[in-house]
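Enquirer: Predicted model, plus sequence, below.
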Amino acid sequence: MGGVAALFNRLSENTSSSPPAIILFGSPGSGKGTQAKLLRHCVNGPHISTGDMLRSHIEAEDRIGKDSEKLLKAGRLVPDEWVNELVEKRLAEPDCRMGVILDGYPRTLNQARVLMDLLARSGFRAAVIHLMVDYEKIVARLSGRRQCPVCGTLYSLKTNPPKVPGICDLDGAALVTREDDSEPVIRQRLSEYESLTRPLLDYFRKAGVPMFEINGAGAAPEELSGQVCSLLQSSGVIAIANKTAHPRASVTT
Ligand SMILES: [Zn+2]
């Protein structure tokens, strides 16, 4: 693990001018995507979602899109090398100069190693936001979702139920459970996260990457995002990047 520590030392040496790379980390259903979007008000840079990037390649029907679609349809994962390449190209774009928010990446140890090396070479400073949500809460929330197959409206049996059970308020169609929201599928994704992705937290810790643990179910999304933002500012992770763009947002520590 000496290599990792050495890598992070190099990372830390890029002091005042280094833009932050905020890694949003958490299980499926922990609200990473929502937080990533909300945090754009706080971090001066784009929200990079590898899932969205792959989807747009699939829509564009280019080579990587066609190849990825074949794999995903067969229930397989897109190779790390392809995802790494997409992220490397994206980080080199001009809108990333002040910072980035990463969502859904890295997902494997191999991706994390490649990313740390890439961030060090490109002069970014990494920080991890770990959104912790109890798995049972995630299963209860996602498996309680119902969708209208006609108009697409989403209902939640607990927080936003239809007026008549099982029937869409708008058009009277019978509601369905999307395959992604069925309990076995959710549990499968959570167990993949537990074995493949969660171990990255240890890797980041050993690499000395600053890490913030947040109770992802502790507050409404907007409030949570405000908490994360003040944490990032008070710890100095984003104060530096914001000094140039928003002088009043700089924080004394
Ligand atoms: Zn409907």
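Expert: It's in. Numbering: from 1, shown residues only.

Enquirer: Now residue 147, what are its backbone angles?
Expert: Dihedral pair for residue 147: phi -130, psi 150, per degrees, to the nearest 10.

Enquirer: Can you read off the pLDDT for it?
Expert: What the model reports as pLDDT for residue 147 is 94.

Enquirer: Next, count neighbours for it.
Expert: Residue 147: 17 surrounding residues under other Cβ atoms under 10 Å. No exception for glycine: its C-beta is placed from N, CA and C like everyone else's.

Enquirer: same question, the one 5 residues further on
Expert: As a burial measure, the neighbour count of residue 152 was computed by other Cβ under 10 Å and equals 9.

Enquirer: next one: residue 74
Expert: 7.

Enquirer: do the same with residue 170
Expert: Residue 170 has 12 nearby residues by other Cβ under 10 Å.

Enquirer: mind checking how far it is from residue 217?
Expert: Separation of residue 170 from residue 217 (Cβ to Cβ, to the nearest Å) stands at 29 Å.

Enquirer: how about the spatially most central residue of the chain, what does it touch?
Expert: Nearest to the geometric centre of the chain sits residue 103, at 2.3 Å (Cα atoms, centre = their mean). Applying Cβ atoms under 8 Å, 6 or more residues apart in numbering to residue 103 gives the contacts 24, 32-33, 36, 47-51.

Enquirer: can you do 7 Å?
Expert: For residue 103, the contact set (Cβ atoms under 7 Å, 6 or more residues apart in numbering) comprises 24, 32-33, 36, 47-49.

Enquirer: now swap in residue 23 and tell me
Expert: The contact partners of residue 23, taken as Cβ under 7 Å, 6+ apart, are 102, 126-128.

Enquirer: so can I have JSON lines of those residues showing secondary structure, neighbour count and distance to residue 60?
Expert: What follows is the contacts of residue 23, written out as JSON lines (DSSP: H, G, I helix; E, B strand; the rest coil; neighbours: other Cβ atoms under 10 Å; distance: Cβ to Cβ, whole Å):
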{"residue": "102", "secondary structure": "strand", "neighbour count": "26", "distance to residue 60": "22"}
{"residue": "126", "secondary structure": "strand", "neighbour count": "25", "distance to residue 60": "30"}
{"residue": "127", "secondary structure": "strand", "neighbour count": "21", "distance to residue 60": "32"}
{"residue": "128", "secondary structure": "strand", "neighbour count": "20", "distance to residue 60": "31"}
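
Enquirer: Quick check: which of those are also close to the ion?
Expert: Taking Cβ under 5 Å from the ion as the test, the ion is in contact with none of the contacts of residue 23.

Enquirer: Understood, closing this out.
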